[in-house]
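> Fold the following.
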Amino acid sequence: MQPVPTIDSYYMQEFNKQKIFWHSRRGMLELDLLLVPFTQEVFETLTYQDQLLYSDLLEQEDQDLFSWLMGRQAPADERFGSIIAKILAYKRQTS
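This is a model prediction of the structure:
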């Protein structure tokens, strides 16, 4: 039997979505144009594991994110490759 969501868990979920959204706003236009729409449109549809991975990705430095998303460098942490591919696929799909 599934536990019934409480008001506290609802607000915690909403808070986490807000936190992810704000961490996606980087202040660098190129990153904002990729990350903010992805967060708004795709984040909630990701698996829990991919959501955690995206959250970990957001902890990285802006210059690294920029290099990875522009295809100039591959991330040293190979697990980021899959979420970067999803971000770029979403961008291509919406362009």
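> hey, let's count contacts and neighbours off CA atoms from now on
Fine.
> Just checking, which helix or strand of this structure averages the lowest pLDDT?
In the chain, no helix or strand scores lower on mean pLDDT, DSSP states H and E than helix 7-24, which sits at a mean of 66.
> right, and the helix or strand after that one?
Sequence order places helix 29-41 as the next helix or strand after helix 7-24, per DSSP states H and E.
> for that next one, which positions count as buried?
Buried residues in helix 29-41, counted by 16 or more other CA atoms under 10 Å: L31, L34, L35, V36, P37, F38, T39.
> Identify the residues contacting that helix?
Helix 29-41 is contacted by residues I20, F21, S24, R25, R26, D62, L65, F66, I87, L88, Y90, K91 when judged by CA atoms under 8 Å, 6 or more residues apart in numbering.
> Weed out the non-buried ones from these.
I20, F21, S24, R25, R26, L65, F66, I87, L88, Y90.
> is it true that the first one touches D56?
Spelled out, that is I20. No - at 10.3 Å, I20 does not count as touching D56 under the criterion of CA atoms under 8 Å.
> I'd like to know how far T94 sits from L34.
Between T94 and L34 the distance, using CA to CA, to the nearest Å, works out to 11 Å.
> Over to R92?
From R92 across to L34, the span is 10 Å (CA to CA).
> which ones are touching the residue most central in space within the chain?
The residue lying closest to the centre of the chain (CA atoms, centre = their mean) is Y54, at 4.0 Å. Residues near Y54 by CA under 8 Å, 6+ apart: I83.
> quick one: the one helix or strand it maps to to helix 29-41, angle?
Assigned by DSSP H and E, Y54 belongs to helix 48-57. Angle of helix 48-57 versus helix 29-41, following axes from the mean of the first three to the mean of the last three CA atoms, to 10 degrees, is 150 degrees.
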